[in-house]
Structure formats: structure tokens, C-alpha cells
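Enquirer: the sequence and its predicted three-dimensional model are supplied below.
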Amino acid sequence: MSEDRIRFLLSKYIHRQCDSQEEAELFSLFRQLSDEQKDELLANTWTEFESSQELPEEEAEQILDAILTRKSRFPLKYISIAASVLIGVSIGAYFLLHSHKQLSADNDKIALADIRPGENKAELTMGNGKKIILGTGSQKITIPNTDVVIQENANGSLTYNKEAITDNEQIIYDTLRTPKGGVYQLNLGDGTKIWLNTASAIRFPEKPGHRSRDVELLYGEAYFEVQHRTDAPFTVKTAAGVIRDLGTHFNVNTGNGHVAATLLEGAIQIERNNSIKRIKPGQQALFNSEKLSVHEVDAEEMIAWKDGYFMFDESLESAMQKISLWYDVKVEYQDEGIKGIPVLATITRYSNISNVLSILEMTKKVRFKIDGRTVKVFYFNQNTTNK
């Protein structure tokens with residue numbers, strides 16, 4: 001085993017340049033190291049990485065201590081840096097500044113019952129009723145007696161051709177659904193790009209209209225990069241109201257009994273109950289059939305899922321809901337009080353569940369046990385044996 005190879009892979013991982021095969025190789029090689037080798041390797045890696053980031057040691061220590069305990073609120077870019085380094089420790093047994101060997105045995109137990117992360121997968125239901133399972137393959141889909149051509153790409157996206165509907169054509173709608181543990185990208189014929197999060201569904205026209213372009217987010221979450229046209233407005237319909245594009249990048253989440261529309265670029269307006277509300281970049285409109293509120297948010301945090309990250313700044317219960325959807329697992333709590341523990345962390349979504357849970361255990365407030373596809377959550381000092 002070459003330590004040079006591990007250093008190379010760890011450096012790539014920290015800088016988010018590892019592909020899935022390299023990541024798996026890194027985790028496998030790392031587990032073969034002795035404690036002394038791990039200490040030396042991680043200390044050297046942190047020194048090199050910290051130097052390249054010009055991050056003072058005292059501040060780095062505080063960030064590492066605060067990542068999950070929420071003692072203070074640091075800029076997300078620094079939290080992301082620190083958490084990315086931590087995730088490089090595949091079993092989560094060490095901080096890069098200080099070794100925490102007492103966590104090692106328990107984190108190894110987590111890894112024994114590992115669960116892989118979600119991936120690009122979805123189901124397309126055509127307007128004619130035909131269903132097509134989508135993955136990471138490449139295929140061309142043609143619809144008989146039409147000029148619609150759909151290309152499934154190897155990168156996990158679906159692209160419709162640019163033919164617009166004619167005046168005498170009826171609008172045909174397709175539906176794209178992602179299961180738990182699935183994400184997918186949709187490229188419409190008008191140039192609009194849509195990223196669909198896990199356990200979500202969207203209904204959209206096979207051909208873009210001349211005077212209007214309407215899609216419907218049936219449930220779940222989606223991120224939109226709209227190709228703006230003044231002559232044909234783009235709207236996202238939800239159960240609680242309509243979101244109209246005014247030249248825009250925005251995110252829409254329909255969970256928890258309301259719709260959350262977060263604007264990153266441009267402008268959107270919310271239309272509901274004959275009222276209109278326009279929001280600015282960095283704002284989120286939270287609404288249902290009865291009320292609407294607008295507040296400032298960290299837009300980066302809202303779309304972390306699209307870029308492949310969990311960005312937690314919430315209760316453990318809320319964080320575990322996201323984890324359960326992505327890894328398609330059930331979560332059970334030893335005690336209701338555990339649910340309210342605060343979590344602050346940025347963690348890659350493309351890592352096995354053991355790595356995510358090991359990072360969360362660094363709070364010294366919670367401990368996890370995987371039983372099949374159930375994750376059991378305990379207080380940190382609670383013995384998980386046979387539970």
C-alpha cells in the first residue's frame with residue numbers, strides 16, 4: 001500500500017476533485033492504516049491544506065469545534081472547508097487538528113452496515129402513458145407520429161429537442177419523478193434547465209409554447225435556471241400558488257405544508273389569491289393557501305443539495321429527514337429529546353451513510369446504529385448494544 005497514493009487521493013478529495021471510484025479507493029486504503037499512520041497523515045494534510053487556505057490555526061480549531069455544536073456561526077465557506085477535510089477521514093474517527101481515538105471503534109461499527117448514497121435515477125411518464133426508467137445510461141427516445149426527440153445522457157440528464165409547438169397542436173405533458181435516493185436533471189426544449197431533488201415530481205410540456213410555458217411541481221423540490229422570454233412567461237405551478245419567472249435562477253421546495261421559493265438571481269413574483277408579491281435575490285417567499293411571508297436567507301444553503309452537499313443549520317430531526325430521503329432509510333429515536341439537538345455542518349451527499357453519521361457523532365451528543373435500512377439514534381453516552 002502506498003501512502004503517496006493515499007495522500008494524492010486525500011488531496012483530491014479535500015478539493016472535491018475525486019470521482020466515485022477514487023473516493024471508494026481512498027476510504028478502503030485509509031482503513032488499512034495504523035493509528036500512528038493516520039495521525040501523521042492527517043496532521044500533515046491539515047497543515048498543507050490550512051496553509052493553502054490561509055486559515056489561522058486558532059480559528060480552524062474553533063470552526064472544527066463549532067461545525068456541529070453551533071457554538072457560533074462561521075461563514076459557510078470556512079465550515080465547508082473544515083467539513084470537507086473531516087469527511088476525508090472516512091470513518092470519522094479523527095479531527096485533523098486533534099485525534100479523537102475514543103470514537104474509532106463505534107464508527108467502525110457504523111461502517112459495517114453501510115448504505116450507499118443516492119444517484120441519478122428517475123421515471124419518465126410520457127403523455128401517451130408510456131413509462132421509461134432513467135438512470136445513468138445513454139439512449140434516444142422518440143415519440144411515434146411526432147417530431148419530439150428526447151435524449152437521455154450518461155451524466156444523468158434528459159434533454160428535449162428545441163421544436164416549439166405549432167398553433168394548431170395540443171399541448172402534451174410529460175411527468176418526471178425521482179424516487180427516494182434519486183435525483184435528475186431536465187433540459188427543456190426552450191433552454192430552461194431543471195434539477196429535481198430526491199422524492200420529487202414535475203409535470204411539463206413536451207414542446208415549449210409560443211405564448212406561455214407552464215410547469216407544475218407536483219411535490220418535492222426543484223431548482224430552475226430559466227431561459228427568460230418576455231413574449232412567453234415561464235411559470236411554476238404549485239398547490240399553494242404560482243411562481244412567475246422574470247429572468248431567474250430559483251429553488252422551489254413544497255415540503256412541510258408550505259411552498260418555499262428562494263431566489264438566487266434575477267426576479268420572481270408569487271401569485272396567489274389574486275395577490276402578487278415580488279422578491280429579490282437572497283430572499284425566500286414562504287407561502288401556503290392562507291398566508292405569505294418574505295425573509296432573507298442564505299441562498300447557498302438552500303441549493304446545497306443541487307451541488308451535492310448536505311448543508312445543515314437546523315435540528316437533528318430536520319437533518320435526519322433529509323438523510324432518510326437521500327439514503328432511503330427509516331429513522332428511529334431512542335428519545336424524543338434527541339430530535340431537537342442543533343446541527344451545523346456541510347457534508348458531501350455522495351459518500352456512504354456511515355461517513356455522514358460518523359461526522360454527526362463528533363458532536364458527542366448523538367450516536368447511531370444501522371439495522372438493515374433503519375438508522376437508530378441514541379444519546380451519545382447511551383449503550384447501543386442489542387438495541
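Expert: Yep, it's here. Residues are numbered from 1 along each chain as shown.

Enquirer: low pLDDT regions in the stretch 251-387 of the chain?
Expert: Scanning the stretch 251-387 of the chain for pLDDT under 70 picks out the ranges 383-387.

Enquirer: now with 90, please.
Expert: 255-257, 272-276, 288-291, 298-301, 304, 307-314, 343-352, 354-356, 358-365, 380-387 (pLDDT under 90).

Enquirer: beta partners for His295?
Expert: Beta-bridge pairing of His295, defined through DSSP bridges, involves Gln284.

Enquirer: quick check: it touching Gln283?
Expert: Yes: counting by C-beta atoms under 8 Å, His295 touches Gln283, with 6.9 Å between them. C-beta coordinates here come from the backbone N, C-alpha and C atoms, glycine included.

Enquirer: more neighbours: the two, which one.
Expert: Per other C-beta atoms under 10 Å, whichever of His295 and Gln283 has more neighbours is Gln283, with 16 against 9.

Enquirer: next up, the contacts around the more buried one.
Expert: Neighbouring residues of Gln283 by C-beta atoms under 8 Å, 6 or more residues apart in numbering: Thr262, Leu263, Val294, His295, Glu296, Val297.

Enquirer: helix or strand for Ile141, which one?
Expert: Assigning secondary structure by DSSP states H and E places Ile141 in strand 139-142.

Enquirer: what is the mean pLDDT for that strand?
Expert: The average of the pLDDT scores along strand 139-142 is 82.

Enquirer: just how off-centre is it within its chain?
Expert: Mean-position distance between strand 139-142 and its chain equals 28 Å (C-alpha atoms, centre = their mean, to the nearest Å).

Enquirer: and what of stretch 214-234?
Expert: Put simply, stretch 214-234 sits 20 Å off its chain's centre (C-alpha atoms, centre = their mean).

Enquirer: using the three-state scheme, assign the spatially most distant residue from the centre of the chain.
Expert: Centroid-distance maximum for the chain: Asn168 at 41.0 Å, with C-alpha atoms, centre = their mean. Following DSSP: H, G, I helix; E, B strand; the rest coil, we place Asn168 in the coil state.

Enquirer: do you know the pLDDT at it?
Expert: 74.

Enquirer: ok, the one 5 residues further on next?
Expert: In the predicted model, Tyr173 carries a pLDDT score of 93.

Enquirer: residues contacting the most centrally placed residue in the chain?
Expert: Geometric centre of the chain, nearest residue: Trp305, 2.1 Å, by C-alpha atoms, centre = their mean. Residues in contact with Trp305 (C-beta under 8 Å, 6+ apart) are Val183, Asn197, Glu221, Lys322, Arg349.

Enquirer: need the residues you listed in CSV with distance to Leu357, can you?
Expert: Shown next, in CSV, are those (distance: C-beta to C-beta, whole Å):
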residue, distance to Leu357
Val183, 21
Asn197, 21
Glu221, 23
Lys322, 13
Arg349, 13
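
Enquirer: in helices, which of those residues fall?
Expert: For the contacts of Trp305, the ones inside helices are Lys322, with DSSP state H as the criterion.

Enquirer: is it true that Gln151 touches Ile141?
Expert: Yes: counting by C-beta under 8 Å, Gln151 touches Ile141, with 7.5 Å between them.

Enquirer: checking my notes, Ile338 in a helix, right?
Expert: Yes: per three-state DSSP, Ile338 lies within a helix segment.

Enquirer: need the contact list for it.
Expert: Counted by C-beta under 8 Å, 6+ apart, Ile338 has contacts Leu316, Val366, Val377, Phe378, Tyr379.

Enquirer: now with 10 Å?
Expert: Counting by C-beta atoms under 10 Å, 6 or more residues apart in numbering, Ile338 makes contact with Ser315, Leu316, Glu317, Met320, Lys365, Val366, Arg367, Val377, Phe378, Tyr379, Phe380, Gln382.
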